[in-house]
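Colleague: fold the following and give me the result.
(chains A, B, C and D)
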There are 2 protein chains.
Amino acid sequence: MTNISSDVIRGYNDTMILYLLRQGPSYGYEISKKIKELSGEKYIIKETTLYSAFTRMESKELITSYSGESESGKKRTYYRITDQGETYYRERVDEWNLTKDVIEKFIAV
Amino acid sequence: MTNISSDVIRGYNDTMILYLLRQGPSYGYEISKKIKELSGEKYIIKETTLYSAFTRMESKELITSYSGESESGKKRTYYRITDQGETYYRERVDEWNLTKDVIEKFIAV
DNA sequence: TAAAATACCACGTCTGTCGTAGTATGTCAA
DNA sequence: TTGACATACTACGACAGACGTGGTATTTTA
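Modeller: Down below sits the predicted model:
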């Protein structure tokens, strides 16, 4: 079976995370499950990739974090998208449409 | 204007080069001009990226090289796709179709 | 009561891309 | 004839994102 390589999805992890955060604040474990689910099990983000994406995006001020708790009292770090993150997301969507068209020129029928 | 970032096209440079080599042997400068042309000037591959892709693909035996000359007598290195390169190309096409579907799930309408 | 799920983090490595810079030849216009 | 521009590469080092490995700690479930 063909798998999605990291070089190919690279540059879209941030976009996927932002897409999910646009629906409301969330945290690592939940995001990772949602990516798996939404992609129809076709893409499973690595934990380290996910958490380093959070760090990177927070330093770029695309997201902010705050501490929360699960129902059972476990600590969690929640992330929320910022206005800059919204803008960034929309730019990535535009870029995706452009990139898609370019790549398809090199995909033989 | 939105531009195509290297993180996004990353992983497709090899595929684009192989697509062009499937049409017959070619060399660096020509490949780079064809990529620019076929992409409608939307993507211009960097010289260093191109030549390092050649080296990488040759070591992976996806392409082979041989020396030739231009009409005016200048030396050129030509590249030809191998059977392994053909197979690799088709795998990347499959992967692209998969990846495209996944990413589009995270692109808001 | 042990395994699995939840929830995260540190550290170091790898790979592809790219910036900078350099070599060398051919062509064409002022 | 000279200088700019196109052609055709190559070397070297830096950088960023992804990921492998391994670790901590709590809760839930079989």
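Colleague: now do the lowest-mean-pLDDT helix or strand in chain A: distance to the chain's middle.
Modeller: Using mean pLDDT, DSSP states H and E, the weakest-scoring helix or strand in chain A turns out to be helix A:6-9, at a mean of 85. Here helix A:6-9 is found 13 Å from its chain centre; the criterion is CA atoms, centre = their mean, to the nearest Å.
Colleague: repeat that for stretch A:26-38.
Modeller: That offset, for stretch A:26-38, works out to 9 Å (CA atoms, centre = their mean).
Colleague: ok, stretch A:59-77 next?
Modeller: With CA atoms, centre = their mean, you get 16 Å for stretch A:59-77.
Colleague: pLDDT of the helix or strand containing residue A:48, averaged?
Modeller: Here residue A:48 sits within helix A:47-59, counting by DSSP states H and E. For helix A:47-59, the mean pLDDT works out to 97.
Colleague: could you do stretch A:83-90 as well?
Modeller: 97.
Colleague: what residues of the helix holding residue A:48 count as buried?
Modeller: Within helix A:47-59, the residues that count as buried by 16 or more other CB atoms under 10 Å in any protein chain shown are A:50, A:53, A:54, A:57, A:58. Yep, even glycine has a C-beta here, placed from its N, CA and C like the rest.
Colleague: the third one touches residue A:29, doesn't it?
Modeller: This points to residue A:54. No - the pair residue A:54 / residue A:29 is not scored as a contact, 11.8 Å apart, by CB atoms under 8 Å.
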